[in-house]
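Asker: The following block contains a protein sequence and its predicted model.
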Amino acid sequence: MYRTHDCNSLRKSDIGKQVALAGWVNVTRDHGGVIFIDLRDREGLTQIVFRPEENAQLAKQAHTLRSEDVIQVSGHVAARLPGTENPNLATGDIEIIPSELKILNRADDLPFPIDAEPHNEDLRMTHRYYDLRRPRFARNLRLRHIAAKATRDYLDSQGYVEVETPILSKSTPEGARDFLVPSRITPGKFYALPQAPQQYKQLLMVAGVEKYFQIAKCFRDEDLRADRQPEFTQIDIEASFVTPEDIFAVTEGMLAAIFKAARNFEIKVPFDRLTYREAVDRYGSDKPDRRFAMELVDLGEIFRESSFKVFRNALDAGGVVKAINANGFAGITIGQADELTEIAKLYGAKGLAFIKIENGEWKSPIVKFFTDAEKAALQSKLNIQEGDCIFFGADKWETACKVLGRLRLRVAEMQDLLGRAGPVRAGQASSAPEWDFLWVTDFPLFEWSPEENKWNAMHHPFTRPKAEDMTLFEEKKFPEVRAEAYDIVLNGVEIGGGSMRIYEPELQDKMFETLGISPENRQTQFGHLLRALHLGAPPHGGIALGLDRLVMLIAGEQSIRDVMHALLVSREDIEGLANFLGQRYELLGFSAHCIDGSTLTTKTAKELLDFDNRNDRRIDEIRLEFQQTDFSERGDIEFSDEAFRVCSWTVWSNDDGLAQQIASELGKRVRASRPWYSWITWARPMFIFPALLMLLGVAITWHDFFKTGRLPSMERKTPRLWRRLHPTYSHISCSWCVHILRRKSLELDVPQALVPDRSSKTRV
Ligand code: ASP
């Protein structure tokens, strides 16, 4: 047995007990020969005291200890000397007087001190095992465990069944970019990793599971951000015969259980609700942070007749004039004003108008355009006080709201309105609980993508239109159709979203049609779902919550990487991992080779492929890839129509060495089976010299022409053979150049060539 107790459990009542502890040396202190060691394990710290007068041998051994060495200590529990107790430590009344010390393992030089907060994230991630050993992260991982357990317990109590859905799945056209996994059985084909178990959970509803949940891994090949990782975890829920109210209730109950377990905090249910329209109108965002007010105020009425062109034009064009009042922000610096102007421009405004109220005066170049009546109306509508700063937005509704929404958040940061909740302990009550939960409902069903010139689903293609808006959908008034979709927002962070799904095959088909998915693609890509909907699909709906973001907020962290065992933080990490995988593919026999365009007839190529038929089970497949040769297309050198250029061949085998061997053997065969005319291709380098000569000839000709004003006579000056070959040379040298250029692009990059390039924002 390594230990009898953990490092956080011994108290006064244990004094005199014989104990054994094991853990890491947190700190060592040498007080005039007496060595104090704080021994740490995941539960806490216990002090060990080595006194030379009690055990000289042990004290000597303890002298060699350094931070993060792993040790085991046996001894008895003693009271600390009066006055040396540490009230900040749970074990602060006692210490261990050791009788035995075992050094289980030594630690080398540390990448950074364990109690430091290194800013170098790469360093942290390189030594992630060490980073996670820090108490803060150990605590975060346990908070995550508590949250996951509370989730399972609660959903189980409500009759939800946890079902695992497949990881190797099919790529579908909607959504973010997929991660692909090469298939060994069918080389050159790829599985996709699921971006979410959306279709699987819907199929489970058709299967009659009725109440499903899963703590599911999802994969989206998206850029890294503080709250986004390529692989992340969702609490995924789906239920049959439900309305949005049912989903709201189960989600609220589950969150209440999670917060109770993780923070010992009772959250207030039911949560407030805002429609998408209201949220954007009042906060300039579909995930409003309502912990501070600074709402967007509509000023259309006040400025309808304004002589200030910018406002008047926006209103005349059917747009809006809106403003936010940043209380006490009149002291805005030039740097801050510049930054806010940049933000406004980034989100589509032409500039940023603002008024500072200082010493009773309204300071801004735009004030001179306001009448007294307008000023008075503005004053009362925005409740303007001394020291305030008003920011305006005048544009189309969406743009003005979006710009002011962004400014609102940045100004709040500048004014430090949100504070920074520090990391917390598991089970610790929130000190100033500002958990603002909010449902945002009635999202638009579609959003227009100018780049793709088509409608995309705002949530995903399986979301149903609101019953009231079905006629608008039929009438193809797409911008006005609202979805039966909802998001859940916590403190301005979207922690989840879901919808009621389409369960009628005809409606689903119409939806695909609206999204521009052709009838063939509907069948190949979504045929399984459409068939399932034809087989008695019940009405159903659900939601998915991001577990990482939720735990990040519960733990008071700023990045999801602080609450997960993240591996990918930078482009280098991804490259490193991808290289590593690249090598593994090679070992799996995923090898590709290029040759520079040997010309073969189809007949010989077919013969070559017989290579494939050898009865060696270690070879999975051999594949030749052809490209019609340029020469035969041009027709000016008469090759057989059947002439092809082999541009690459690939050998798949689970034995890398064998794959290499076969590949080079195949190369020999390719070369050996060249038809007689392939020498032209093969011997192309021989034409470089004549081609250069030809160019030189042309240069000399022109030079002579400019000098003498006459073209030199070909008849007299050029040798007969040269005159004959001249056109052929030109042609061959051109082909050769083209070939060299193309050859570059022949270098195979299999994964890249096969990764679908999609960047639509909708989720599936
Ligand atoms: N599958 C959706 C998502 O990942 C959520 C849902 O509609 O349930 O966002």
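Answerer: Ah, there it is.
Asker: Dump stretch 693-707 to PDB, keeping only the CA atoms.
Answerer: Extracted in PDB, the C-alpha atoms of stretch 693-707 (Å, rounded to 0.1, in the frame of the first residue of the first chain):
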ATOM      1  CA  LEU A 693      19.600  27.200 -80.000                       C
ATOM      2  CA  MET A 694      16.400  28.100 -81.600                       C
ATOM      3  CA  LEU A 695      15.700  31.000 -79.200                       C
ATOM      4  CA  LEU A 696      19.200  32.200 -79.800                       C
ATOM      5  CA  GLY A 697      18.500  32.100 -83.600                       C
ATOM      6  CA  VAL A 698      15.400  34.200 -83.100                       C
ATOM      7  CA  ALA A 699      17.300  36.700 -81.000                       C
ATOM      8  CA  ILE A 700      20.100  37.000 -83.600                       C
ATOM      9  CA  THR A 701      17.500  37.400 -86.300                       C
ATOM     10  CA  TRP A 702      15.800  40.300 -84.500                       C
ATOM     11  CA  HIS A 703      19.100  41.800 -83.600                       C
ATOM     12  CA  ASP A 704      20.200  41.800 -87.300                       C
ATOM     13  CA  PHE A 705      16.800  43.200 -88.300                       C
ATOM     14  CA  PHE A 706      17.100  46.200 -86.000                       C
ATOM     15  CA  LYS A 707      20.700  46.800 -87.000                       C
END
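Asker: Buried ones in the host helix or strand of residue 473, by neighbour count?
Answerer: Element membership of residue 473 [criterion: DSSP states H and E] is helix 470-474. Buried residues in helix 470-474, counting neighbours by 16 or more other CB atoms under 10 Å, are found at 472-473. For the C-beta atoms, the positions are set from N, CA and C on the backbone; glycine is no exception.
Asker: May I have the strands that pair with the helix or strand just after it, each with its orientation?
Answerer: Secondary structure here is assigned by DSSP H and E; on that basis, the next helix or strand after helix 470-474 toward the C-terminus is strand 485-490. The pairing partners recorded for strand 485-490 under DSSP bridges are strand 437-441 (antiparallel), strand 493-500 (antiparallel).
Asker: if we look at strand 485-490, which residues are touching it?
Answerer: Contacts of strand 485-490 with the rest of the structure, by CB atoms under 8 Å, 6 or more residues apart in numbering, involve 244, 247-248, 251, 271, 286-288, 435-443, 445, 458-459, 463, 494-500, 543, 545, 550, 553.
Asker: and if we set it to 6 Å?
Answerer: Strand 485-490 has contacts (CB atoms under 6 Å, 6 or more residues apart in numbering) with 287, 437-441, 443, 459, 463, 494-497, 499, 553.
Asker: most surrounded residue in those?
Answerer: Neighbours were tallied for each of these (criterion: other CB atoms under 10 Å), and the maximum of 26 neighbours falls on residue 440.
Asker: Touching, that one and residue 279? I think so.
Answerer: Yes: proximity of residue 440 to residue 279 meets the contact threshold set by CB atoms under 6 Å, at 5.1 Å.
Asker: joint contacts of those two?
Answerer: When CB under 6 Å, 6+ apart defines a contact, the residues bordering residue 440 and residue 279 alike are residue 286.
Asker: Is stretch 537-547 in proximity to the ligand?
Answerer: Yes: interface with the ligand: stretch 537-547 contributes 542-544 (CB under 6 Å from any ligand atom).
Asker: Just the residues you listed: which are in helices?
Answerer: Counting by DSSP state H, the residues of stretch 537-547 next to the ligand place none of their members in helices.
Asker: Quick one: closest of the strands paired with strand 485-490 to the ligand.
Answerer: Nearest to the ligand among the strands paired with strand 485-490 is strand 493-500 (3.9 Å), distances taken as CB to the nearest ligand atom.
Asker: just checking, next helix/strand downstream of the closest one?
Answerer: Trace forward from strand 493-500 with DSSP H and E and the next one is helix 505-514.
Asker: what is the mean pLDDT for whichever helix or strand comes after that next one?
Answerer: Going down the chain from helix 505-514, the next helix or strand is helix 519-533, by DSSP H and E. If you average the pLDDT over helix 519-533, you get 91.
Asker: which bits of the stretch 101-250 of the chain sit near the ligand?
Answerer: Taking CB under 6 Å from any ligand atom as the criterion, the neighbours of the ligand within the stretch 101-250 of the chain are 196, 198.
Asker: remind me which residues of the stretch 601-750 of the chain are low pLDDT?
Answerer: By pLDDT under 70, the low-scoring segments of the stretch 601-750 of the chain are 601-667, 669-688, 690, 710-750.
Asker: what residues does it put near the ligand?
Answerer: Taking CB under 6 Å from any ligand atom, no part of the stretch 601-750 of the chain reaches the ligand.
Asker: From the chain's centroid, how far away is stretch 392-403?
Answerer: 29 Å (CA atoms, centre = their mean, to the nearest Å).
Asker: and if you look at stretch 207-224?
Answerer: 15 Å.
Asker: Buried residues in stretch 296-316, which are they?
Answerer: By neighbour count with 16+ other CB under 10 Å, stretch 296-316 contains the buried residues 296-297, 299, 302-303, 306, 308, 310-312, 314-315.
Asker: from the residues you listed, which single one is nearest the ligand?
Answerer: Ranking the buried residues of stretch 296-316 by separation from the ligand, with CB to the nearest ligand atom as the measure, puts residue 296 on top at 27.1 Å.
Asker: Isn't that closest one up against residue 320?
Answerer: No: when contacts are counted by CB under 6 Å, residue 296 is not listed as touching residue 320 (9.3 Å).
Asker: and the residues of stretch 537-547 next to the ligand as TSV, adding neighbour count?
Answerer: Formatted as TSV, the entries for the residues of stretch 537-547 next to the ligand read as follows, by neighbours: other CB atoms under 10 Å:
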residue	neighbour count
542	24
543	25
544	23
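Asker: Among those, name the ones in strands.
Answerer: With strands defined by DSSP state E, the entries of those inside them are 542-544.
Asker: Reformat the residues you listed into JSON lines and put pLDDT next to each item.
Answerer: Converted to JSON lines, these look like this (pLDDT from 0 to 100):
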{"residue": "542", "pLDDT": "98"}
{"residue": "543", "pLDDT": "98"}
{"residue": "544", "pLDDT": "98"}
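Asker: got the buried residues of stretch 296-316 as CSV, with distance to the ligand, pLDDT and secondary structure columns?
Answerer: Formatted as CSV, the entries for the buried residues of stretch 296-316 read as follows, by distance: CB to the nearest ligand atom, whole Å; pLDDT from 0 to 100; DSSP: H, G, I helix; E, B strand; the rest coil:
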residue, distance to the ligand, pLDDT, secondary structure
296, 27, 97, coil
297, 33, 97, strand
299, 36, 96, coil
302, 40, 95, helix
303, 40, 94, helix
306, 43, 92, coil
308, 43, 93, coil
310, 39, 93, helix
311, 39, 95, helix
312, 42, 94, helix
314, 35, 95, helix
315, 37, 96, helix
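Asker: Next, format those residues as JSON lines and append distance to residue 374.
Answerer: As requested, these are exported to JSON lines (distance: CB to CB, whole Å):
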{"residue": "296", "distance to residue 374": "18"}
{"residue": "297", "distance to residue 374": "14"}
{"residue": "299", "distance to residue 374": "9"}
{"residue": "302", "distance to residue 374": "6"}
{"residue": "303", "distance to residue 374": "7"}
{"residue": "306", "distance to residue 374": "7"}
{"residue": "308", "distance to residue 374": "9"}
{"residue": "310", "distance to residue 374": "14"}
{"residue": "311", "distance to residue 374": "9"}
{"residue": "312", "distance to residue 374": "11"}
{"residue": "314", "distance to residue 374": "15"}
{"residue": "315", "distance to residue 374": "13"}
